[in-house]
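Q: Give me the fold of what follows.
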Amino acid sequence: MTACTSTTRSKNPGRTTARPATARVSEFFVARGRRFDLSRRNLVMGILNVTPDSFSDGGLYFEPEHAIAHGLQIANAGADIIDVGGESSRPGAPTVPIDEQIRRITPVIEALTRRTGLAVSVDTTRRAVAEAALAAGASILNDITGLAADPGLGRLAAQTGAGLVLMHMRGTPETMQDDTNYDDLFGEIVGHLRAGIDRATSYGVKPEQIVVDPGIGFAKTAEQNMEILANLESLAILGRPILMGLSRKAFLGGITGRDAPNRGSETIAASIFAARHGARIHRVHDVAEVAAALKVHDALVACEGLAPG
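A: Below is the predicted model of the structure:
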């Protein structure tokens, strides 16, 4: 990759990195002994839904052999992390019993950790599911409730050193889109995430294990999703890396008029915008396309601000 080196960057001595908007945000996080360096590039988290009803790809990878094959494709496409879930979180989705979630995800996680060597995260709100996922080889817990549904996830992260993604939402996937009135949208998001961080650290989770996610599309209108993106730097006050889940979301289709499977270009545009405003991890379906776009973005950002010639 063509890149500016730390030597060439010294032409602009006041510039410590190419990320001035997130200078207060930690540029690494850890998960079960892995250290993810976010100082010079964005990371891609590939989505693998082992479900029959997810909003974009439901049913395509419900059988273990199909899920494993798709996970290998995600790895080859350039993902840094593979996010495996056994319960859909689309608006209106019903709860899936814990035993069924475990049955869906554990053979997939075991195969992908063994065959790819990549970090695997588990998208769950329940400790029992997380425990099974960690036993199968996962290293990150991705909790869309930010520990509101099951604080046991925080205790588990403390005990195992697993990475912990804390997201903002209201209610459940079944009810969340009926609860989108906010007096102070950013105040509530920051308050929710800060409470999750405080709760996690009170259990013994180290700050460097934690990533935050504002929850695009979770108890948010299209306009609120846009507002969050446009003011993403506001979350820097939390001091933790920001993960964005923008992939193929409905508000993007509201702009272009295209249906979910055809929103790859929309996802790329939104991901680049989010990266410019402080996001460092991007949870997406279209891994190869977004990874390539972010690689170009990161190379250009590394050169940004250099004196000409």
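
Q: helix/strand/coil for residue 41?
A: coil (DSSP: H, G, I helix; E, B strand; the rest coil).

Q: Could you report the pLDDT at it?
A: We note a pLDDT of 94 for residue 41 in this prediction.

Q: For it, list the residues it contacts.
A: Taking CB atoms under 8 Å, 6 or more residues apart in numbering as the contact definition, residue 41 lies against 294-295, 298. (Glycine included, C-beta is placed from N, CA and C.)

Q: Distance check, it against residue 82.
A: The gap separating residue 41 from residue 82 is 18 Å, by CB to CB, to the nearest Å.

Q: Residue 164 too?
A: Between residue 164 and residue 82 the distance, using CB to CB, works out to 17 Å.

Q: Quick check on these two: which one has the bigger neighbour count.
A: The neighbour count for residue 164 versus residue 82, taken as other CB atoms under 10 Å, is higher for residue 164 (31 against 27).

Q: for the more buried one, what are its contacts?
A: 140-141, 143, 153-154, 157, 200, 205, 209-211.

Q: 10 Å instead?
A: Neighbour list for residue 164: 29, 31, 121, 130, 140-143, 146-147, 153-154, 156-158, 196-197, 200, 203, 205-206, 209-212, 240 [criterion: CB atoms under 10 Å, 6 or more residues apart in numbering].

Q: Within the helices and strands, which one has it?
A: Per DSSP states H and E, residue 164 falls inside strand 163-167.

Q: Tell me which helix or strand comes right after that strand.
A: helix 185-203.

Q: Remind me what that next one packs against, helices and strands.
A: With contacts defined as 3 or more CB pairs under 10 Å, 6 or more residues apart in numbering; DSSP states H and E, the packing partners of helix 185-203 are helix 152-160, strand 163-167, strand 210-213, helix 222-230.

Q: deepest of the ones you listed, which one?
A: strand 163-167 (a mean of 29; mean count of other CB atoms under 10 Å).

Q: Off-centre distance for that one?
A: Counting by CA atoms, centre = their mean, to the nearest Å, strand 163-167 is centred 8 Å from the centre of its parent chain.

Q: Put the alpha carbons of it into PDB.
A: Extracted C-alpha coordinates of strand 163-167, given in PDB (Å, rounded to 0.1, in the frame of the first residue of the first chain):
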ATOM      1  CA  GLY A 163     -13.200  -7.400  24.300                       C
ATOM      2  CA  LEU A 164     -16.600  -5.800  25.000                       C
ATOM      3  CA  VAL A 165     -18.700  -3.700  22.500                       C
ATOM      4  CA  LEU A 166     -21.300  -1.600  24.200                       C
ATOM      5  CA  MET A 167     -24.100  -0.200  22.100                       C
END
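
Q: That strand versus helix 152-160: what angle between them?
A: 160 degrees (axes from the mean of the first three to the mean of the last three CA atoms, to 10 degrees).

Q: quick one, strand 163-167 and helix 185-203 angle?
A: Angle of strand 163-167 versus helix 185-203, following the same axes, to 10 degrees, is 150 degrees.

Q: Partner strands of strand 163-167, with direction?
A: Sheet pairing of strand 163-167 (DSSP bridges) gives strand 140-143 (parallel), strand 210-213 (parallel).

Q: Could you list the low-pLDDT ranges of the stretch 201-309 of the chain?
A: Where the stretch 201-309 of the chain drops to pLDDT under 70, the residues are 305-307, 309.

Q: Test my guess that residue 235 contacts residue 242.
A: Yes - under the criterion of CB atoms under 10 Å, residue 235 makes contact with residue 242 at 5.6 Å.

Q: and for these two, which residues touch both?
A: Contacts common to residue 235 and residue 242, judged by CB under 10 Å, 6+ apart, are 22, 25, 193, 212-214, 277-279.
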